[in-house]
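Q: predicted model and sequence follow; I will ask about them next.
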Amino acid sequence: MKKEWYLEYEIQKNRPGLLGDISSLLGMLSINIVTINGVDEGRRGLLILAKDDDQIKRLESILHTMDTIKLIKLREPKLRDRLAVRHGRYIQRDADDKKTFRFVRNELGLLVDFMAELFKQEGHKLIGIRGMPRVGKTESLVAASVCANKRWLFVSSTLLKQTIRNQLIEDEYNENNLFILDGIVSTRRANERHWQLVREIMRLPSVKVIEHPDIFVQNSEYTLEDFDYIIELRNDAEEEITYEVVDQNNMFSGSDFGDFDF
């Protein structure tokens, strides 16, 4: 049974035929190339298939002797590796907080793909998503749910009208459903019945996504430590995500949004 590996190298001396040499080397070692792409400036990433670990050890030792490339990674592929090869770029990860991943608006395709892969995982997952209004958070969540073949449920939301759910109907208590909460709506506008529902949902072995997680944890018993992943979405890389509008208490004035309570 062949096993998949991720190989990444940095080009030290770019010359015609370099990729051909790497391909030939893999062929001689009976290692198959599944996918190849540039993943960063001067770097290439490959998903490869090998029959046993000895082939990979031999490959590694040969690559270390080559002066035209520098071996960066040779490992079993992680989710970020697969997406890097698929999209030709790496997902930005926070240097200090390894569970925080950063995206900008022109990378929505990569973001949707990343979230869809997370949504396919089984069991309890708590995901937070930060971003300014109208940057595309909710739309990306819905698109990723479709890709992951999940049914999504808004427990609290402002996508069409302000929604605050106080109960679920029977078939909605399904671990294959994806539950979406807006941290601002839940903490600023909801009643205790809504919070009883939130606690019930948190106990389900399913994926929960919370928009504005910082506001959510400020006003609830949950902390950022409870989150498995935090995703940040910005209009551009320099944008600062702030909650000043929320603190001025005018983000959801009744004149702008209708209310659904059910």
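A: In hand now; what should we look at? Numbering: from 1, shown residues only.
Q: pretty sure Tyr243 contacts Pro213?
A: No - here Tyr243 does not reach Pro213: they are 11.2 Å apart, not a contact under Cβ atoms under 8 Å. For the C-beta atoms, the positions are set from N, CA and C on the backbone; glycine is no exception.
Q: the more surrounded of the two?
A: Neighbour comparison, Tyr243 and Pro213: the larger count goes to Pro213, with 23 against 16 (by other Cβ atoms under 10 Å).
Q: I figured that one hits Gly128, correct?
A: Yes - taking Cβ under 8 Å as the definition, Pro213 is a contact partner of Gly128 at 3.0 Å.
Q: where do the contact lists of those two overlap?
A: Overlap of the contact sets of Pro213 and Gly128 (by Cβ atoms under 8 Å, 6 or more residues apart in numbering) consists of 224, 227, 230.
Q: not counting sequence-adjacent ones, nearest residue to Ala50?
A: Using Cβ to Cβ, 6 or more residues apart in numbering and skipping residues adjacent in sequence, the residue nearest Ala50 is Ile31, 4.8 Å away.
Q: any idea how far that neighbour lies from Pro213?
A: For Ile31, the distance to Pro213 under the criterion Cβ to Cβ, to the nearest Å works out to 42 Å.
Q: again, but for Lys13
A: 46 Å.
Q: over to Leu118?
A: 15 Å.
Q: which residue is the nearest non-sequential neighbour of Met202?
A: Of all residues not flanking Met202 in the chain, Lys208 sits nearest, at 6.6 Å (Cβ to Cβ, 6+ apart).
Q: mind checking how far the host helix or strand of that neighbour is from the chain centre?
A: In the assignment (DSSP states H and E), Lys208 maps to strand 207-211. For strand 207-211, the gap between its own C-alpha mean and the chain's C-alpha mean amounts to 12 Å (Cα atoms, centre = their mean, to the nearest Å).
Q: again with stretch 112-122
A: Remark: stretch 112-122 is offset 7 Å from the chain centroid, using Cα atoms, centre = their mean.
Q: may I have the strands that pair with the helix or strand hosting Leu181, each with its orientation?
A: Assigning secondary structure by DSSP H and E places Leu181 in strand 177-182. Using DSSP bridges, the strands paired with strand 177-182 in its sheet are strand 151-154 (parallel), strand 207-211 (parallel).
Q: pLDDT averaged over the first one - what is it?
A: This predicted structure assigns strand 151-154 an average pLDDT of 94.
Q: just after it, pick out the following helix or strand.
A: Heading C-terminal from strand 151-154 (DSSP H and E), you reach strand 156-157.
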